[in-house]
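A.B. asks: could you look at this predicted model? Sequence included:
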Amino acid sequence: MATFSVAETSVNYTTTGTGPGLVLVHGTSIDAQANFGHVIGRFADQRLVIAPNYAGCGDSTIPEGDLTLDTLVEQIAGTIRHAGIGAVDLVGDSLGAVVAAATAATHPSLVRRLVLVSGWADSGDARHQMVFDTWARLEGTDSELSNRYVMSLAVKPAFLTALGGDNIAAFLRQAAPPDTQRRIALGQRINLRDKLPNISAPTLIVHGSHDYLIPAYQAQVLHQLIGNSRYDEIDSGHAVFLEAADELVARIRDFLLD
């Protein structure tokens, strides 16, 4: 594991495989290993897979005060620079997709191709604010209730039913990383509309057709505002890397290796 400092924080990341760089950016309430550990090997045959933890996840530190998108962007851009391999393919999941898009818009020379999974462009609508405000309140008072709430929105009902009671209970026992409430609060303040037209990298946008946390209409704004982009849907909820990993990995590989 490598560690470096940027934006008054310490950032750690792992590397696996060889080849051109592929950076994976995780979501709000999960670290890089939990989000991507089961798929890293599926890219490492042709890519050097770099999996950073951003603020408050893994061993990476979080600054005092309000957490900003700029801080997370500088952590990811800093990871790419620290790895010393030039421009990379950048894949983000959920809040990680927001961070990846902002990184590609702000530091275009660092990003060769961009993949945005379960992402969004703007947190301004009333439904988003209600969902994230409820999530933040639950996370601040009862982490298990928070897990129950998010799980009910993040996977499609058929997948949740098929998991069964024991597997659901195991998921609910998994504690979110520290300071998750602060990352949820950041998810309430996102507006990339002015940044997205600056993205020049070819972009694949993938979204679950049964995503009730970030519905597909929010991801479609990404497609509308990123010029060189393609939009695909998968029969999944928000947690596409969990529910439909095989199909998602195949689509990402086809896009990156084309």
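C.D. replies: Yep, that arrived. Numbering: from 1, shown residues only.
A.B. asks: now E64: phi and psi?
C.D. replies: Dihedral pair for E64: phi -70, psi 160, per degrees, to the nearest 10.
A.B. asks: so how far is A216 from it?
C.D. replies: Taking CB to CB, to the nearest Å as the measure, E64 falls 36 Å from A216. Where you see a C-beta, it was placed from the backbone N, CA and C, and this is true even at glycine.
A.B. asks: do L196 as well
C.D. replies: L196 is 17 Å from A216, by CB to CB.
A.B. asks: neighbour count: those two, which is higher?
C.D. replies: Under the criterion of other CB atoms under 10 Å, the comparison of L196 against A216 puts L196 first, with 22 against 15.
A.B. asks: mind checking the SS state of F4?
C.D. replies: Classification of F4 by DSSP: H, G, I helix; E, B strand; the rest coil places it in strand.
A.B. asks: enumerate every residue touching it.
C.D. replies: 10-11, 78-79, 82 (CB atoms under 8 Å, 6 or more residues apart in numbering).
A.B. asks: pretty sure F43 contacts L257?
C.D. replies: No: the pair F43 / L257 is not scored as a contact, 9.7 Å apart, by CB atoms under 8 Å.
A.B. asks: higher neighbour count, those two?
C.D. replies: Per other CB under 10 Å, whichever of F43 and L257 has more neighbours is F43, with 23 against 11.
A.B. asks: please tell me the pLDDT value assigned to that one.
C.D. replies: Residue-level confidence at F43 comes out at 98, pLDDT.
A.B. asks: please name the nearest non-neighbouring residue to it.
C.D. replies: V49 (5.1 Å; CB to CB, 6 or more residues apart in numbering).
A.B. asks: and that neighbour, how far is that from G208?
C.D. replies: Taking CB to CB, one finds V49 at 23 Å from G208.
A.B. asks: beta partners for the residue nearest to F43?
C.D. replies: Beta-bridge partners of V49, counted by DSSP bridges, are T16, L22.
A.B. asks: got a list of what it touches?
C.D. replies: 15-17, 22, 24, 40, 43.
A.B. asks: contacting residues for the spatially closest residue to R113 that is not a sequence neighbour?
C.D. replies: Counting by CB to CB, 6+ apart, D89 is the residue found nearest to R113 once chain neighbours are left out, at 4.6 Å. Counting by CB under 8 Å, 6+ apart, D89 makes contact with 20-23, 47, 111-115, 256.
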